[in-house]
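Asks: Provided below for reference: sequence and predicted model.
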Amino acid sequence: ERWISDGVILQPEDLGVEAGLPIADASGVITTDGQVRLYVFAQEQGVRSLISDDGVHFELEEGIRVTGGMPRAIILDDGSVRIFFITNDGIGSAISTDGLLFENEAGLRFENADFGEEVTTPSIVELADGTYRAYLSDLPRPGTGPSPHHTYSAVSEDMLTWEIEDGIRVGEGSALPDSAEHPAAFINADGSTSLYYCNNQVSPQEGGPTAIFHAVAADGLSFTESETTYLNGCDPDILLMPDGTLRMFYGNFSPEIGGVLYSAAFGLAEPIDVDDLQNSGPQGPSSDQGSNPFQSLSDEEIACLESAWGGEALGEISSFSRPPTEIEMQAIPECGIEIRGPSDGGGNGPEDDTTFIDQTYYAFSDDGITWTEGKLLAEMASVPDVIYTQNGEILVYWVDFSFMTGPGLERIGIARSTDQGQSFE
């Protein structure tokens, strides 16, 4: 199982926001009648709400819910909704019996002064003893660049008065030094806590430059290992749907479009059957050989890769849910499989039966005729294009098959060079 993105579900125009301005920080609840209500910050308006039957297609509701920023909503036992939001000097809250008309609650739930810095709104989970734990991070500020962030935790009996717990949950100074911004928490069936957060220090191969990461702690405090979800964006919010699947709402920003919001589901992907790899690619049995380089492998080559990688990793890599690691790449030639690009020039696969995995290289020339030996830029990458920016940077774009989960679901990879192409990040 893995997270499957539904793509962009909301743009500024959907909330009456001018193009180029933010919509952000989506937070969802399940209403008493089983619908999804999404609370979203809309620039120059405040917090708006939208309603949906499926968590993907939303209809904007009239009115402003609260005037603060970065909403985080939680539904209470009696069906009322509490929203946490950024206000002067910290985090405030408001309560509503119908999810639409909110009344501000007196005081602050969290004060910035208690942390020595500004903080995000919290993600809150109910613990086995009926108390609550909140997870929140330092607040990223515009214009500060991709600096690392860290996540705190606090506990409460009523969600109104909170006690900050010692230490850092994720970030510098903890056992898991990831950059961890604006986390979202979820209690798993075994009682452990999953924490999803924006990591802004990520390589393109892991979904970067910013990607949603996932870590688990049995006690909700000691997070030691993490993994990428390969979802590119920030501000995750996790919602348990009525059908038992998980849905994540998250966002990103484009200077031309403005804020964009995405949805992704976990628990819907079909398991990969290793025995069917030769007969079905990402586009089904009718896809051509160029769509999945694993289709032309022999039984012996598949068995060799499965032995080297394990069945689960082979399924993930062959379905393009992630690229092979550098160590895993070593097994390909060791299994007698030649790595090469398409030889017919048309992107339809090689002329012979040699399996290929697209790679993008870069090289240098003084005359356009004689070139240096190529350097690898990206794995599972095809059809590159280059832009020289006015400030002297080089941007390279390519079709990124490492994220391909179905027909037409490739993404565009990007790398940047600030030293005239000598190195890329």
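Replies: The structure has been received and is ready for your questions.
Asks: Only C-alpha atoms from now on, for both contacts and neighbour counts.
Replies: OK.
Asks: Distance check, T389 against G413.
Replies: T389 is 17 Å from G413, where distance means C-alpha to C-alpha, to the nearest Å.
Asks: what about these two, which has more around it?
Replies: Counting neighbours by other C-alpha atoms under 10 Å for T389 and for G413 shows that G413 has the greater number, 21 against 9.
Asks: Quick check: buried residues in the one helix or strand the more buried one maps to?
Replies: Secondary structure assignment for G413, by DSSP states H and E: strand 411-417. Neighbour-count burial for strand 411-417 flags 413-417 (criterion: 16 or more other C-alpha atoms under 10 Å).
Asks: on contacts alone, who are the packing partners of that strand?
Replies: Applying 3 or more C-alpha pairs under 8 Å, 6 or more residues apart in numbering; DSSP states H and E, we find strand 411-417 packed against strand 394-400.
Asks: Within its sheet, name the partner strands of the strand it packs on and how each one runs.
Replies: strand 381-388 (antiparallel), strand 411-417 (antiparallel) (DSSP bridges).
Asks: who wins for proximity to F253 among these?
Replies: strand 411-417 (15.3 Å; C-alpha to C-alpha).
Asks: averaged over its residues, what pLDDT does that closest one have?
Replies: The average pLDDT within strand 411-417 is 80.
Asks: How about stretch 378-387?
Replies: Mean predicted confidence for stretch 378-387 is 80.
Asks: any low-confidence regions in the stretch 1-150 of the chain?
Replies: 1, 142-145 (pLDDT under 70).
Asks: where exactly do the strands run in the stretch 251-400 of the chain?
Replies: Taking DSSP state E, counting those that start in this stretch as the test, the strands found in the stretch 251-400 of the chain are 258-266, 359-362, 375-379, 381-388, 394-400.
Asks: Nearest to I168, out of the strands paired with strand 394-400?
Replies: strand 411-417 (32.0 Å).
Asks: got the CA coordinates for that closest one in PDB?
Replies: Provided in PDB are the C-alpha atoms of strand 411-417 (Å, rounded to 0.1, in the frame of the first residue of the first chain):
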ATOM      1  CA  ARG A 411       5.600  14.000 -12.800                       C
ATOM      2  CA  ILE A 412       8.000  16.600 -14.000                       C
ATOM      3  CA  GLY A 413      11.400  16.500 -12.300                       C
ATOM      4  CA  ILE A 414      13.600  19.500 -11.900                       C
ATOM      5  CA  ALA A 415      17.200  20.200 -11.000                       C
ATOM      6  CA  ARG A 416      19.000  23.500 -10.600                       C
ATOM      7  CA  SER A 417      22.600  24.600 -11.100                       C
END
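Asks: so the closest residue to G63 other than its chain neighbours is in which element?
Replies: Spatial nearest neighbour of G63, chain neighbours left out: R48 (6.9 Å); criterion: C-alpha to C-alpha, 6 or more residues apart in numbering. If you go by DSSP H and E, R48 is part of strand 46-52.
Asks: so how far is the next helix or strand after that strand from its chain's centroid?
Replies: Using DSSP H and E, the next helix or strand after strand 46-52 towards the C-terminus is strand 58-60. Between the centre of strand 58-60 and the centre of its chain there are 23 Å (C-alpha atoms, centre = their mean, to the nearest Å).
Asks: In the sheet, which strands lie alongside strand 58-60, parallel or antiparallel?
Replies: Applying DSSP bridges, strand 58-60 is found paired with strand 46-52 (antiparallel).
Asks: Report the backbone C-alpha coordinates of the partner strand in PDB.
Replies: Taking Å, rounded to 0.1, in the frame of the first residue of the first chain, the C-alpha atoms of strand 46-52 are listed here in PDB:
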ATOM      1  CA  GLY A  46      -9.700  34.300   6.400                       C
ATOM      2  CA  VAL A  47     -10.800  30.700   6.900                       C
ATOM      3  CA  ARG A  48     -13.400  29.400   4.400                       C
ATOM      4  CA  SER A  49     -15.100  26.000   4.300                       C
ATOM      5  CA  LEU A  50     -16.000  23.600   1.500                       C
ATOM      6  CA  ILE A  51     -18.100  20.400   1.500                       C
ATOM      7  CA  SER A  52     -17.600  17.100  -0.300                       C
END
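Asks: Flag every buried residue along it.
Replies: 46-52.
Asks: same check, this time on stretch 17-37
Replies: 17-31, 35-37.
Asks: Count the residues that sit near L195.
Replies: Count around L195 with other C-alpha under 10 Å applied: 27.
Asks: now it: how far from E334?
Replies: 38 Å.
Asks: What ranges does the stretch 301-425 of the chain have for its helices?
Replies: 311-318, 326-334 (DSSP state H, counting those that start in this stretch).
Asks: Which elements pack onto the longest one?
Replies: With contacts defined as 3+ C-alpha pairs under 8 Å, 6+ apart, helix 326-334 has these neighbours: helix 299-309.
Asks: hmm, 10 Å instead?
Replies: Judged by 3 or more C-alpha pairs under 10 Å, 6 or more residues apart in numbering; DSSP states H and E, helix 326-334 is in contact with helix 299-309, helix 311-318.
Asks: hang on, the earlier thing: surely the residue nearest to G63 meets V66?
Replies: Yes. With contact defined as C-alpha atoms under 10 Å, R48 reaches V66; the gap is 7.7 Å.
Asks: Now for these two: what residues contact both?
Replies: Taking C-alpha atoms under 10 Å, 6 or more residues apart in numbering as the criterion, R48 and V66 both touch 39, 41, 100.
Asks: Next, work out how far apart the closest residue to the first one other than its chain neighbours and V40 are.
Replies: Once flanking residues are discounted, Y39 sits nearest to S49: 4.5 Å by C-alpha to C-alpha, 6+ apart. According to C-alpha to C-alpha, S49 stands 6 Å off from V40.
Asks: who touches both of the two?
Replies: With C-alpha under 10 Å, 6+ apart as the test, S49 and V40 both reach 15, 26-28, 65.
Asks: check contacts around the residue lying closest to A42 once chain neighbours are set aside.
Replies: Residue nearest to A42 in three dimensions, not counting chain neighbours: I23, with 4.7 Å by C-alpha to C-alpha, 6+ apart. Contacts for I23 (C-alpha under 10 Å, 6+ apart) come out as 10-17, 40-48, 70, 251-253, 258-261.
Asks: Select only the buried ones of these in ChimeraX?
Replies: Listed next is the ChimeraX selection for buried residues among the contacts of I23, using 16+ other C-alpha under 10 Å:
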select :10,11,12,15,17,40,41,42,43,45,46,47,48,70,251,252,253,258,259,260,261
